[in-house]
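Colleague: Below are the sequence and a predicted model; questions follow.
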Amino acid sequence: MLAAIAITAAGAVSAYAYSPQSQQSGNITYITGGIGEEERSALQAAKNNYNLSIVSAAKSGAYVGDTHLVISDRQGRELLNTEAGPLFYAQLPPGKYVVEGESQGQNRKQDITIAENKNAHI
């Protein structure tokens, strides 16, 4: 009886494994999260489907959740405004963008270029 319960419980855990859900903002598709090992592994496995990757981390190297991200085009038009976990992956059309992030009172702004068949990392 105990073995049957253990097998059932193990099957239930794998049936509810984390699967990142993509979100859409205009023509930007993205996934975010990464709190916990299972979630982080699932997101990293999906990373190759996106051409922009952002990792939010403290100066110590520890992952930081609760990052506010804004992606704008070069003319300053806001294309995405969202809360992000420590891992953020997006698929953007080729072009030039400005990425702004704020977490734990720290701000960072960076220009990026998404080229055809190339990835950008922040």
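Modeller: Looks like it arrived, so ask away.

Colleague: Could I get the full set of helices for the protein?
Modeller: Under the criterion DSSP state H, helices of the chain are mapped to 2-15, 37-46.

Colleague: weakest of these by average pLDDT?
Modeller: Here the helices of the chain differ in mean pLDDT, and the lowest is helix 2-15 at a mean of 41.

Colleague: List the contacts of A115.
Modeller: When contacts are counted by C-beta atoms under 8 Å, 6 or more residues apart in numbering, A115 touches P94. Every residue, glycine included, has its C-beta placed from N, CA and C.

Colleague: any idea how far it lies from A46?
Modeller: Taking C-beta to C-beta, to the nearest Å as the criterion, A115 is separated from A46 by 21 Å.

Colleague: Let me see the contact set for I71.
Modeller: When contacts are counted by C-beta under 8 Å, 6+ apart, I71 touches 28, 78-80, 90, 92, 97-100.

Colleague: Residue nearest the middle of the protein, spatially speaking?
Modeller: Averaging the C-alpha coordinates of the chain gives a centre point, and the residue nearest to it by C-alpha atoms, centre = their mean is F88 (1.6 Å).

Colleague: That one and L69 touch, don't they?
Modeller: Yes - F88 sits in contact with L69 when judged by C-beta atoms under 8 Å, with a separation of 6.3 Å.
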